[in-house]
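**Q** sequence-free structure coming up:
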């Protein structure tokens, strides 16, 4: 007679284990300790075997019967239910070890040598902030295009369209790595083409030369009450027009005060080539002031709250916003401002300014020039630029003249 829920609930332990049959090989085994276990007896290739189906009441009578039905269908197809269960367990263990986050970190570690440390750090940070919390613990083989899209939409919906696009690219590379290493069958991001809003690419916001006096006076007045470290960072960025990441990651061993040079190693440069920044008298003065503040730390711009770390990448952008230049100026904008002003007002050639900006060569001929070319011209230019800024600050207007002669 088939079992009932009442019969299962009322089954009491005895001195020895006993069985309460439900039919077609399914039975409830009651142990002396009080445990009740579902078992399925069957024959496969002439041998009698037993398949464990779970614990009562975690697995109800109805659930046990459904599992019996599935097992009998496997037997009808010539498949051993016990072997199929072992395969499922092994697959679950593989999936648990191959979550998206686990595969992503492995991919990141394998590729980090070909990236700059700053770029590698940025990729991992973006994954940890935006992707891992959403799909990180899912088996990489089971992630659908819709799941990836939902993660990217969360980034896009906060107004970070470009970051959503980049995150999608990172995910695509991770899924491709999962495919070639046998952890996934396909890359779901290939189905997401056109799913995100188009990102309009444009130039970084930058001031025009005529706006320099207003900006310099706003920085000097400091109505926004910026920390001194932040103001010095902005002033040094204005004087050297390096990239934000190159500035905040600067360490004291990169500076030669005697030769008035800042040597940025290749691994910290976008183009992976070492770069020399000639230092004006004004830049050296700022660095000496910074030494009194952070000379005992590794970082020139050590964080005010956590000095073992450098200043945040977002600090300068937020400072510019507080100064009233949101949407009008960015850290990268100092590079555009310097190039425009130095070429137009100081009359230096494009090649000299371009070398100082450490731009990628436009041609094979340009690439043939070593980065130290034009170094003497660059030294004069950097001092002329610093003097020009001092004059703009003191006179309150844009100065037109040949400042190369003053060096």
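**A** That came in fine, so what should we check first? Treat the numbers as computed from the prediction; the structure is a model and nothing was measured.
**Q** does residue 237 touch residue 331 like I think?
**A** Yes. Assessed by C-beta atoms under 8 Å, residue 237 is found in contact with residue 331 at 6.4 Å. Backbone N, C-alpha and C define where each C-beta goes, glycine included.
**Q** what touches both of these two?
**A** The overlap between the contact sets of residue 237 and residue 331 (C-beta atoms under 8 Å, 6 or more residues apart in numbering) consists of 244, 247, 316.
**Q** for the residue lying closest to residue 112 once chain neighbours are set aside, give me its contacts.
**A** Closest residue to residue 112 apart from its sequence neighbours, by C-beta to C-beta, 6 or more residues apart in numbering: residue 120 at 4.3 Å. By C-beta under 8 Å, 6+ apart, the contact set of residue 120 is 108, 111, 112.
**Q** ok, which stretches of the stretch 51-200 of the chain are strands?
**A** In the stretch 51-200 of the chain, no segments count as strands under DSSP state E, counting those that start in this stretch.
**Q** show me the helices in it, by range?
**A** 61-76, 81-97, 100-111, 117-126, 132-135, 145-157, 161-180 (DSSP state H, counting those that start in this stretch).
**Q** for residue 43, which of those is the nearest?
**A** helix 61-76 (8.5 Å; C-beta to C-beta).
**Q** contacts for that closest one?
**A** 3-5, 8, 22, 24-26, 28, 38, 40, 42, 44, 51, 53-54, 56, 59, 80-81, 84.
**Q** among the residues you listed, the buried ones, what's the ChimeraX command?
**A** Remark: buried members of the contacts of helix 61-76, expressed as a ChimeraX selection using 16 or more other C-beta atoms under 10 Å:
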select :3,8,22,25,26,28,38,40,42,44,51,53,56,59,80,81,84
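**Q** out of the contacts of residue 120, the closest to residue 167 would be?
**A** When the contacts of residue 120 are compared against residue 167 (criterion: C-beta to C-beta), the nearest one is residue 108, at 13.5 Å.
**Q** the closest one: what's its closest spatial neighbour, skipping adjacent residues?
**A** Here the residue nearest residue 108, using C-beta to C-beta, 6+ apart, is residue 124, at 5.7 Å.
**Q** isn't the one you found up against residue 107?
**A** No. Proximity of residue 124 to residue 107 does not meet the contact threshold set by C-beta under 8 Å, at 10.5 Å.
**Q** which one of those two has more residues nearby?
**A** residue 107 (20 against 17; other C-beta atoms under 10 Å).
**Q** so where's this structure uncertain?
**A** 91-96, 199-204, 360-373, 396-407 (pLDDT under 70).
**Q** so how far is residue 229 from residue 316?
**A** When distance is defined by C-beta to C-beta, to the nearest Å, residue 316 is 11 Å away from residue 229.
**Q** more crowded one of those two?
**A** Taking other C-beta under 10 Å, residue 316 and residue 229 do not tie; residue 316 has more neighbours (24 against 18).
**Q** let me know the helix or strand that that one is in.
**A** Under the criterion of DSSP states H and E, residue 316 resides in helix 315-322.
**Q** buried set for that helix?
**A** 315, 316, 317, 319, 320.
**Q** I'd like the next helix or strand past that helix.
**A** helix 333-345.
**Q** quick one on the thing from earlier: tell me the spacing between the residue nearest to residue 108 and residue 130.
**A** For residue 124 relative to residue 130 (C-beta to C-beta), the value is 11 Å.
**Q** let me see the domain layout of this protein.
**A** The chain resolves into domains spanning 5-92, 100-192, 209-406 when parsed by automatic domain parsing.
**Q** of the shared contacts of residue 237 and residue 331, closest to residue 356?
**A** Nearest member of the shared contacts of residue 237 and residue 331 to residue 356, counting by C-beta to C-beta, is residue 247, at 14.5 Å.
**Q** and the contacts of the strand or helix carrying that closest one?
**A** Secondary structure from DSSP H and E places residue 247 in helix 244-248. For helix 244-248, the external contacting residues (C-beta under 8 Å, 6+ apart) are 118, 233, 236-237, 240, 264, 268-269, 299, 301, 310-313, 315-316, 331-332.
**Q** can you do 6 Å?
**A** When contacts are defined by C-beta atoms under 6 Å, 6 or more residues apart in numbering, helix 244-248 is touched by residues 118, 237, 264, 301, 310, 311, 316, 331.
**Q** among these, which pair sits farthest apart?
**A** 264 and 316 (17.4 Å).
**Q** in a markdown table: the contacts of residue 120, plus distance to residue 392 and neighbour count.
**A** Listed next are the contacts of residue 120 as a markdown table, based on distance: C-beta to C-beta, whole Å; neighbours: other C-beta atoms under 10 Å:
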| residue | distance to residue 392 | neighbour count |
| --- | --- | --- |
| 108 | 45 | 18 |
| 111 | 44 | 13 |
| 112 | 43 | 15 |
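**Q** any chance of the residues you listed in JSON lines, plus distance to residue 390?
**A** Below are the contacts of residue 120 laid out as JSON lines (distance: C-beta to C-beta, whole Å):
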{"residue": "108", "distance to residue 390": "45"}
{"residue": "111", "distance to residue 390": "45"}
{"residue": "112", "distance to residue 390": "42"}
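**Q** how many residues are close by residue 313?
**A** That count, for residue 313 with other C-beta under 10 Å as the rule, works out to 17.
**Q** sec struct for it, please.
**A** Of the three states, residue 313 takes coil under DSSP: H, G, I helix; E, B strand; the rest coil.
**Q** against residue 35, how distant is it?
**A** For residue 313, the distance to residue 35 - C-beta to C-beta - is 58 Å.
**Q** and what of residue 318?
**A** For residue 318, the distance to residue 35 - C-beta to C-beta - is 61 Å.
**Q** same check on residue 166?
**A** Taking C-beta to C-beta, one finds residue 166 at 54 Å from residue 35.
**Q** of these two, who's got more company?
**A** Taking neighbours as other C-beta under 10 Å, residue 166 and residue 35 compare with residue 166 leading, 18 against 12.
**Q** so which elements touch the host helix or strand of residue 214?
**A** In this structure, residue 214 sits in helix 212-221 according to DSSP H and E. Judged by 3 or more C-beta pairs under 6 Å, 6 or more residues apart in numbering; DSSP states H and E, helix 212-221 is in contact with helix 375-395.
**Q** report the angle between the axes of the helix it packs on and helix 212-221?
**A** Here the directions of helix 375-395 and helix 212-221 differ by 70 degrees (axes from the mean of the first three to the mean of the last three C-alpha atoms, to 10 degrees).
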